[in-house]
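> Predicted model and sequence below, questions to follow.
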Amino acid sequence: MSATFPLGSTIAICDGFNLLLPSNLIADVVSAVTIDQKSGENLWSIGDLSWRGLHLPVISIELMILHRAPRLRGSHVAIFHGTVDTEKLPFFGVPLQAMPHNFNLENNRDVTQRSDLLELDFCAMKVTARGVSTVIPELEAIENQLLETL
């Protein structure tokens with residue numbers, strides 16, 4: 001397998017799929033937050049939330065990857081560190097259905113690449129991590145798309 005995974009990885013549950021992310025990408029997970037809803041041409045742009053004195057955009061990775069509205073809404077929002085342009089986008093929020101779970105993954109033992117025919121947008125790879133079917137999102141592309149709308 002060609003992908004490299006940090007030992008500290010997180011599996012975060014979104015609607016109908018799991019995201020595999022580096023643990024250090026998530027700055028915080030907040031629950032019972034109020035998201036100021038916004039309407040616009042980008043359905044994946046849910047709104048904004050206040051976090052530690054900042055106003056952060058909240059996006060639906062489900063809509064970006066699967067092109068369908070989430071079936072379930074969780075009460076948690078993961079605050080992701082921005083990595084592309086930290087001055088314009090230091091953080092952004094992603095709704096989750098539950099608290100993320102951290103794992104120490106060993107590349108060749110715990111993670112295997114899946115090959116299924118379903119093509120997903122903003123998806124770098126589909127893998128099974130410790131027996132859990134997950135998606136590794138193309139975070140740079142997701143952030144670039146978000147930056148275009150700011």
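Alright, I've got the coordinates.
> C-alpha only now, for contacts and for neighbours.
OK.
> Poorly predicted segments of this structure, please.
Within the chain, the segments meeting pLDDT under 70 span 1-9, 14-16, 32, 69-74, 106-109, 117.
> just the strands in it please.
For the chain, the strands defined by DSSP state E occupy 8-14, 17-22, 26-31, 36-37, 45-51, 54-59, 76-81, 91-96, 101-104, 111-113, 123-129, 132-137.
> Indicate which one of those is closest to Ile65.
Of all the strands of the chain, strand 123-129 sits nearest to Ile65, with 6.7 Å by Cα to Cα.
> before we move on, the earlier item: save the strands of the chain as a markdown table, and put in mean neighbour count too.
Shown next, in a markdown table, are the strands of the chain (neighbours: other Cα atoms under 10 Å):
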| stretch | mean neighbour count |
| --- | --- |
| strand 8-14 | 20 |
| strand 17-22 | 21 |
| strand 26-31 | 16 |
| strand 36-37 | 12 |
| strand 45-51 | 18 |
| strand 54-59 | 19 |
| strand 76-81 | 21 |
| strand 91-96 | 24 |
| strand 101-104 | 15 |
| strand 111-113 | 18 |
| strand 123-129 | 18 |
| strand 132-137 | 20 |
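> can you list these in CSV and add distance to Gln145?
Compiled in CSV, the strands of the chain are given as follows (distance: least, Cα to Cα, whole Å):
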stretch, distance to Gln145
strand 8-14, 19
strand 17-22, 18
strand 26-31, 19
strand 36-37, 19
strand 45-51, 10
strand 54-59, 11
strand 76-81, 15
strand 91-96, 12
strand 101-104, 27
strand 111-113, 26
strand 123-129, 14
strand 132-137, 13
